[in-house]
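>>> just a sequence and a predicted model for now, questions to come.
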Amino acid sequence: MASDLTRRNVLAVTGSALFTAVAGCTTDGESDGDDNEEALDSRVDERVDGEWLLHRATPENTAATDGSGPDGEPSIAWERAVGAKSGIDPLVVDSLVFAYPPDGRDVGTLEAATGEPTAAGPLASGELAMGSDGETVVAYRERDDGDELVGRDLETGEETWTTDATDLSTPLLTMRDGVAYQGGSTQPYGQAFDVDDGDDRWESESSLPIDFAVDDEIVAYASDEILAALEADSGDQRWVEEFDAALSTPPLIEDHVVSATADGSVLAVDSSGDLDWRKQVADGAVTALAAAEGRLFVGTESGVVALDADSGDEVTRSTISDAVRALAVGADNCYAITTETDGDDPENRLVALESGSLESAWSVEVPGAVRSRPVILDGMVLVRVLPSAAVDESDFDETLLAFA
């Protein structure tokens, strides 16, 4: 089972069990249309409120949003085939879901309310949304003479700028205060550029993984046993600290850079790289992190633990004890993807835990191996899963499920 512990694992967000699913079906089992059908050329009237603008939702990597999630135990409202090329969370803005298109379909933009593909969104054919600030969407597209990033006006779809992309195994970027930050595997190892016009801010001479967190001062990242930070305004290295175990991609919360280790501990360093606290929370690996309202939610192989982000002190533990594969936090609940590890046929579930007490509010089965964290909107949770037919995962589409 892959966890969230290194940049090499970004494509294996959750789960290893396979499942049987029929893409493009509604909850009554009747097909809601061929996934190769022509995309809608206009928007539907129904809207879903809430946004998930970036991978992990926020530039600080907290996987937190003010979306309310479903009111009571949900069911699957719609299913839709999406491409398996990207390890990015489904991005949502203006009631549009951005996902990589599946084989046979040029458009990867879906209506959040219905799951129907729509060409009325801002992206052109073959473009993959990497993030948005609510006004501009930045997309990645492949070109024979070099891959590039493109900025598009979210409302009009107008292409406002293009720039060369770094070598991207998985296109991810982080955006904050009008600046986009992108890591890469070859020089330049990372770059920052203006969201409005694509102009360069800086290029990093230090190795910068594709997944990191940004606040007003620093770009924080983990690589194997290294936790490090760059200056956000210049890309210069601020500090590098080495620990005794592999570290997870850090969130930033309460002026701390927080990371988890493969041996079950969680640690926090300050903006200068000095260790503030380290707590042992599990016997095995920490599998997921999320943060909101001064609390750090820690996924383990036996449930969720809430820590005070300032001190690291334990606040409470969940009433569930299944293995946690992914976490996200909404307005009132912490949402977990769990796997029942007992038995020969593990069951994956989407569980809503009350944020204050971590008592279970509801739990529903997820039909398959989950490939994204829960994406929380008002009245809805989106989860991407892997079809059971996949032997070579890269050759098969995945399915996006909407629970409402």
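Great, that's in hand. Residues are numbered from 1 along each chain as shown.
>>> find the residue closest to Pro122 in space, skipping its chain neighbours.
When the adjacent residues along the chain are set aside, Pro122 lies closest to Gly157, with 3.9 Å between them (C-beta to C-beta, 6 or more residues apart in numbering). The way it works is simple: take the backbone N, C-alpha and C, and place the C-beta from them, glycine included.
>>> what's the answer for Pro117, then?
Among residues not flanking Pro117 along the chain, Ala39 sits closest, at 4.2 Å (C-beta to C-beta, 6+ apart).
>>> residues in contact with the one you found?
105-107, 109, 116-119 (C-beta atoms under 8 Å, 6 or more residues apart in numbering).
>>> and which of the residues you listed is nearest Asp177?
The shortest gap between Asp177 and any of those belongs to Thr109, at 26.1 Å (C-beta to C-beta).
>>> thought Leu123 was touching the closest one, still the case?
Yes - the pair formed by Thr109 and Leu123 meets the contact definition of C-beta atoms under 8 Å, at 5.8 Å.
>>> before we move on, back to that, now render the contacts of Ala39 as a markdown table, adding pLDDT and distance to Thr136.
Listed next are these as a markdown table, based on pLDDT from 0 to 100; distance: C-beta to C-beta, whole Å:
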| residue | pLDDT | distance to Thr136 |
| --- | --- | --- |
| Arg105 | 73 | 25 |
| Asp106 | 74 | 22 |
| Val107 | 74 | 20 |
| Thr109 | 91 | 16 |
| Glu116 | 94 | 24 |
| Pro117 | 91 | 22 |
| Thr118 | 90 | 19 |
| Ala119 | 85 | 19 |
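>>> for the residue nearest to Gly146 when sequence neighbours are not counted, give its distance to Ala213.
Setting aside the residues directly before and after it, Gly146 is nearest to Asp164 in space (C-beta to C-beta, 6+ apart), at 6.0 Å. From Asp164 across to Ala213, the span is 24 Å (C-beta to C-beta, to the nearest Å).
>>> of those two, who's got more company?
Neighbour comparison, Asp164 and Ala213: the larger count goes to Ala213, with 27 against 13 (by other C-beta atoms under 10 Å).
>>> mind checking how far the more buried one is from Gly121?
Look at Ala213 and Gly121: by C-beta to C-beta, they are 28 Å apart.
>>> cool, Ala64 as well?
As it turns out, when the distance is counted by C-beta to C-beta, Ala64 lies 25 Å from Gly121.
>>> quick check: phi and psi on the residue nearest to Val385 when sequence neighbours are not counted?
Distances taken as C-beta to C-beta, 6+ apart place Gly368 nearest to Val385, at 3.7 Å, with adjacent residues excluded. Backbone torsions of Gly368, given as degrees, to the nearest 10, read phi 150, psi -180.
>>> I figured Gly368 hits Thr399, correct?
Yes - at 7.2 Å, Gly368 counts as touching Thr399 under the criterion of C-beta under 8 Å.
>>> from the contacts of Ala39, which two are the most distant?
Distances among the contacts of Ala39 were taken as C-beta to C-beta; the most separated pair is Asp106 and Glu116, at 14.7 Å.
>>> quick one: which of these two has more around it?
Neighbours around Asp106 and Glu116, counted as other C-beta under 10 Å, are more numerous at Glu116. The numbers are 18 against 14.
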